[in-house]
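K.L.:
coordinates for the following, if possible.
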Amino acid sequence: MDKGALGSVQSITAHRLSRLPPWSSWFADPLKSGGCLFDLQVHDVDFVHWILGHPEQVRTTGIRSQAGSWDHVWTSLTYGDRVAHVEASYLMPASWPFSSGIRVRGSKGCVEYSFGVRGNIEEREQAQHRFAFYGEDGSVSIPEVPPGDAYVNELQYFFECVRSHQKPELCPAKESVQVIQVIAASWRSAESRDAVQLPSDYC
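P.N.:
Residues are numbered from 1 along each chain as shown. You can find the predicted model right below:
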């Protein structure tokens with residue numbers, strides 16, 4: 001996107017699918033975890049927000065778990081004539097491999113990343129990744145990716161901010177608040193079964 005290879009972004013599709021995390025019972029409690037809306041969907045909405053900014057409208061449909069949380073959801077975010085779709089789930093079968101992915105379609109091409117690991121995320125050393133750019137001219141290329149584990153890189157960056165007494169620039173607190181407001185609107189949409197409009201000056 002920074003190099004202009006994609007052209008103008010027109011649509012984004014993302015997913016993050018998992019069984020209910022087995023290592024702690026609190027994930028099943030909507031008052032503690034917020035369900036897959038606040039634990040899984042939030043990451044993809046955050047990435048979409050980084051690319052497109054805040055949406056004009058949020059519409060979410062979903063399936064409730066027995067505990068009452070929205071644990072398999074489909075969310076549409078609209079930005080004028082651009083749109084993003086995000087799917088997230090805690091309700092996949094125990095045999096399902098944790099998987100996530102994102103596809104960004106632009107006026108000059110499409111870039112797609114997918115991640116899958118048998119078992120769950122803690123086994124990510126054995127994960128399979130695919131990252132490719134599909135050009136409008138028929139070309140397919142594999143973009144270079146900086147080395148390292150994304151989770152470790154994230155924690156290292158935060159640690160360095162704390163150690164150097166610097167405010168984080170890669171993930172400003174204001175943007176985090178905005179993303180949580182979008183997730184809250186997503187929850188209201190699922191509850192009401194209707195779209196939720198977001199004001200342009202929120203946060």
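
K.L.:
could you report the pLDDT at the nearest residue in space to residue 135 that is not next to it in sequence?
P.N.:
Here the nearest residue to residue 135 in space, its sequence neighbours aside, is residue 109; by CB to CB, 6 or more residues apart in numbering that works out to 4.5 Å. Quick note: C-beta positions are derived from backbone N, CA and C, even for glycine. As predicted, residue 109 sits at a pLDDT of 95.

K.L.:
my guess is residue 109 contacts residue 8. True?
P.N.:
No - counting by CB atoms under 8 Å, residue 109 sits too far from residue 8 to count as a contact (11.2 Å).

K.L.:
who's more crowded, these two?
P.N.:
Legend: neighbour count by other CB atoms under 10 Å for residue 109 and residue 8, higher for residue 109 (18 against 10).

K.L.:
for residue 64, which non-adjacent residue is closest in space?
P.N.:
Nearest to residue 64 is residue 70, by CB to CB, 6+ apart, at 6.0 Å.

K.L.:
so how many other residues sit close to that neighbour?
P.N.:
25.

K.L.:
the residue positioned nearest the centre of the chain: which element?
P.N.:
Closest to where the C-alpha atoms of the chain average out (CA atoms, centre = their mean) is residue 44, at 0.8 Å. Assessed by DSSP states H and E, residue 44 sits inside helix 42-52.

K.L.:
what's the answer for residue 59, then?
P.N.:
Using DSSP H and E, residue 59 falls in strand 57-64.

K.L.:
packing partners for that strand?
P.N.:
Judged by 3 or more CB pairs under 8 Å, 6 or more residues apart in numbering; DSSP states H and E, strand 57-64 is in contact with strand 70-79, helix 173-192, strand 196-197.

K.L.:
quick one, which of these is nearest to residue 130?
P.N.:
Nearest to residue 130 among these is strand 70-79 (22.8 Å), distances taken as CB to CB.

K.L.:
show me what the helix or strand just after the closest one is in contact with.
P.N.:
Note on strand 70-79: by DSSP H and E, the next helix or strand toward the C-terminus is strand 82-89. Here strand 82-89 makes contact (CB atoms under 8 Å, 6 or more residues apart in numbering) with 9-18, 36-37, 40-41, 44-45, 48, 52, 55, 71-77.
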